[in-house]
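# Provided below for reference: sequence and predicted model.
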Amino acid sequence: MDWHDAPVSRFVEWVEGLEAAVENRIARTLRGRPGWQVIVEPYAAHGTRTWFHVRGRVLLRRHAAYRYGGVLGPARTAMARYGSLDLAGVPVQVSVAGRTHRVTSSDEGYLEAVVDLPDLPPGWHTVTYRPDGGDQVDGPLLVVDPTARLGIVSDLDDTVIHTGLTRPLLALRNTFLVSDAERRAVAGGAELYQGLVAGAGSQTPVFYVSTGAWNLHAMLVAFLRRTGFPRGPLVLTDWGPSRRWLFREDSAAFKARTIRGLMAEHPHLSWVLIGDSGQHDAQAYAEVAGAEPDRVRVVYLRDVPPASVVRTAHVEQLVEEIGALSVPMLLVRDYLAAAEHAHRLGLVDAETLERVRAAVRA
């Protein structure tokens, strides 16, 4: 079905309008009632010493955080995340280093803008968000070091966190029946990423780019912290019907567009791209490497089960095409194989290799 066809497009616009009308009606009814508050959920802002991307979302939420226990606790928590009430047209004061900017939330409640900075030093800083009618909240800002030489882009599902997207029943179980504290990291990933950052002088920025929903942002940030992955901005997607797509933006197109945007913003960096064979990472990374072969140092794709002859053949074809451009693109069984190759390239040291080996074997 081509949603660009006029009848389909009109239907999508109708669904989008209905969704917005229902949310606005509920928000107007609940806003100002006891127990409800206007909040900004800040996402990690990022940029250079003179500008940065503001990212966040204005929501209407209960004062008491949702914490569900029992057998159905994970399912109730997951549904609560997707049941957020976003607020459109809310002015928000965004302040950093003594400067204040005014940003207004979009139709879906998102805050997204590029604003100027004073000449901030590289590293992590604090951004303050104050919505009209709501309380102030702080969020992180990463200023990428202009002396850094390497950047890392990583997928999340089945690259960092076990999700099982190639096995739908397993993915549903992990999403709705496994608590946040029980979600598992892919073995050796944290050790490999830490080694890549340390090997480049600890100035390497790490960006996590995924078609997962922004509703999962807080859970994913907590997961990365708990499992020892390097801190870095997450760039996720909005789920739901729009004039441009029925459910969400095409995975390969979104990732390729986002990564090439990061490359344009930080022209001094070469990049390591890490993903898996389960969805469209191979296609997206191959497109990026084909367009910017001199900027991609290496691509690692974790081969996820179940084995698929068709999927493997497609990835191997892309590996051959990108290899002709002198860009290493490897389909690896685990992160030990990736670490061994990265060690041969001089990207990680021998200690990192041993730490990855121990984590994978454990």
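In hand now; what should we look at?
# And stretch 350-362, what's buried?
352-353, 355-357, 359-360 (16 or more other C-beta atoms under 10 Å). Where C-beta positions appear, they are placed from N, C-alpha and C, glycine not excepted.
# Pull the number of nearby residues for residue 320.
If you count neighbours by other C-beta atoms under 10 Å, residue 320 ends up with 10.
# Is it within a helix or a strand, and which one?
helix 309-323 (DSSP states H and E).
# Can you list the neighbours in contact with that helix?
Here helix 309-323 makes contact (C-beta atoms under 8 Å, 6 or more residues apart in numbering) with 277-278, 282-283, 286, 289-290, 293, 299, 301, 303, 329-331.
# same thing with stretch 348-362?
With C-beta under 8 Å, 6+ apart, stretch 348-362 has contacts from 187-188, 190-192, 194-196, 198-199, 334-336, 339-340, 342-343.
# roughly how far out does it sit from the chain middle?
In terms of C-alpha atoms, centre = their mean, to the nearest Å, the centre of stretch 348-362 is found 25 Å from the chain centre.
# Quick one: mean pLDDT over that stretch.
Mean per-residue pLDDT for stretch 348-362: 97.
# Same question for stretch 207-224.
94.
# Same question for it: list its buried residues.
Buried positions in stretch 207-224, judged by neighbour count with 16+ other C-beta under 10 Å: 207-217, 219-221, 223-224.
# Out of these, which two sit at the greatest distance?
Within those, 207 and 215 form the most distant pair, 19.4 Å apart (C-beta to C-beta).
# Give me the buried positions along stretch 164-176.
Of all the residues in stretch 164-176, those buried under the rule 16+ other C-beta under 10 Å are 164, 166-167, 171, 174.
# Flag whichever of these scores worst on pLDDT.
residue 171 (67).
# returning to that earlier point: can I get the buried residues of stretch 164-176 in TSV with distance to residue 39?
TSV is the format used below for these (distance: C-beta to C-beta, whole Å):
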residue	distance to residue 39
164	32
166	36
167	36
171	29
174	28
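# And those, which is closest to residue 93?
Closest to residue 93, out of all of the buried residues of stretch 164-176 and judged by C-beta to C-beta, is residue 174, at 38.6 Å.
# Tell me who's in contact with the closest one.
Residue 174 neighbours (C-beta under 8 Å, 6+ apart): 162-164, 183.
# do the same with residue 271
Residue 271 neighbours (C-beta under 8 Å, 6+ apart): 150-153, 259, 262-263, 295-297.
# For the helix or strand containing it, C-alpha coordinates in PDB please.
For residue 271, the element it lies in under DSSP H and E is strand 270-276. Presented in PDB, the C-alpha positions along strand 270-276 are these (Å, rounded to 0.1, in the frame of the first residue of the first chain):
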ATOM      1  CA  SER A 270      36.100   9.900  11.300                       C
ATOM      2  CA  TRP A 271      33.600   7.400  12.400                       C
ATOM      3  CA  VAL A 272      33.100   3.800  13.700                       C
ATOM      4  CA  LEU A 273      29.600   2.600  12.900                       C
ATOM      5  CA  ILE A 274      28.200  -0.300  15.000                       C
ATOM      6  CA  GLY A 275      25.000  -2.100  14.500                       C
ATOM      7  CA  ASP A 276      23.500  -5.500  13.800                       C
END
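# Taking helix 309-323 as reference, get the angle to it.
Put simply, strand 270-276 runs at 170 degrees to helix 309-323, going by axes from the mean of the first three to the mean of the last three C-alpha atoms, to 10 degrees.
# By residue count, tell me the biggest strand in this structure.
The residue-count maximum for a strand in the chain (DSSP state E) belongs to strand 51-62.
# So what are the sheet partners of that one and their directions?
strand 36-42 (antiparallel), strand 45-47 (antiparallel), strand 85-86 (antiparallel), strand 110-116 (antiparallel) (DSSP bridges).
# Format the ones you listed as JSON lines; extra columns: mean pLDDT and mean neighbour count.
Putting these into JSON lines (pLDDT from 0 to 100; neighbours: other C-beta atoms under 10 Å) gives the following:
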{"stretch": "strand 36-42", "mean pLDDT": "89", "mean neighbour count": "21"}
{"stretch": "strand 45-47", "mean pLDDT": "96", "mean neighbour count": "24"}
{"stretch": "strand 85-86", "mean pLDDT": "84", "mean neighbour count": "20"}
{"stretch": "strand 110-116", "mean pLDDT": "93", "mean neighbour count": "16"}
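# With that, I have no additional questions.
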